[in-house]
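J.: Build me a model:
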Amino acid sequence: MALIIRVAVNSLAIWLTTLILPGLEIVHQTDEGWKQVGVVLVVGLIFTILNAIVKPIIQLFSIPFLLLTFGLFAFVINAIMLLLTDWVSGLIGWGLSVENFGWALLGAIVISLIAMVLNSLAPIPKTPR
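T.: As a prediction, the model looks like this:
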C-alpha cells in the first residue's frame, strides 16, 4: 500500500511540475488520455525505484557535501535522480525528458515542494514492526 501511495504522489508531483516548468516534459507517442496517464505512472514508478535504490547510495557518498551545505545538496541529489529517470525512461522511448541540469535542479525543488504538500494530504501508512 505504501508503495502505491508513494508512486501516485511522485507521479502527480512530476506531472504537475511538467505543467509548470518548460524544461521538463512527459514524452509519449499517443494522444489517448489513459495511455498518457499510464506513461506518467511509469515515470513515477521509475523515479520511486531510483529513489529507493540509487539515492541512498549517492547520499552515503555525499555526506560531506550534505554537511557543508546544511542539507541543500539534497536538491542536487534529487536533480541527479531526475536526470537518471530521464535516462532510464529514454531507453524505452517515452517518459520524462529533462532539458539540462539547471532545469533538473529547479524541477527537483518544485517536485519536493509538491510532494511535501501531497504527502501531508495522503500520508504513507507506517507498517508495525
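
J.: low pLDDT regions in this protein?
T.: For the chain, the stretches flagged by pLDDT under 70 are 29, 127-129.

J.: Give me the most central residue, it.
T.: Closest residue to the average C-alpha location of the chain: Phe47 at 4.6 Å, with CA atoms, centre = their mean.

J.: Pull out the buried positions in whatever helix or strand that residue lives in.
T.: Assigning secondary structure by DSSP states H and E places Phe47 in helix 33-61. The neighbour-count check on helix 33-61 (16 or more other CB atoms under 10 Å) flags 39-48, 50-51, 55 as buried. In this view, the C-beta of every residue, glycine as well, is placed from N, C-alpha and C.

J.: again, but for stretch 7-21
T.: Quick answer for stretch 7-21 (16+ other CB under 10 Å): 7-18, 21.

J.: what residues does it touch?
T.: Here stretch 7-21 makes contact (CB atoms under 8 Å, 6 or more residues apart in numbering) with 24-26, 40-41, 43-45, 47-48, 51, 96, 103, 106-107, 110-111, 114-115, 118-119, 122.

J.: sorry, back to before: show me the contacts for the residue nearest to the centre of the chain.
T.: Contacts of Phe47 by CB under 8 Å, 6+ apart are 10-11, 14, 81-82, 85, 96.

J.: how does it look with 10 Å?
T.: Listed by CB atoms under 10 Å, 6 or more residues apart in numbering, the contact partners of Phe47 are 6-7, 10-11, 13-14, 55, 78, 81-82, 84-86, 88-89, 95-96, 111.

J.: quick one: which of these sit in strands?
T.: Counting by DSSP state E, the contacts of Phe47 place 95-96 in strands.

J.: In helices only, show me the contacts of Phe47.
T.: Among these, the members falling in helices (DSSP state H) are 6-7, 10-11, 13-14, 55, 78, 81-82, 84-86, 88-89, 111.
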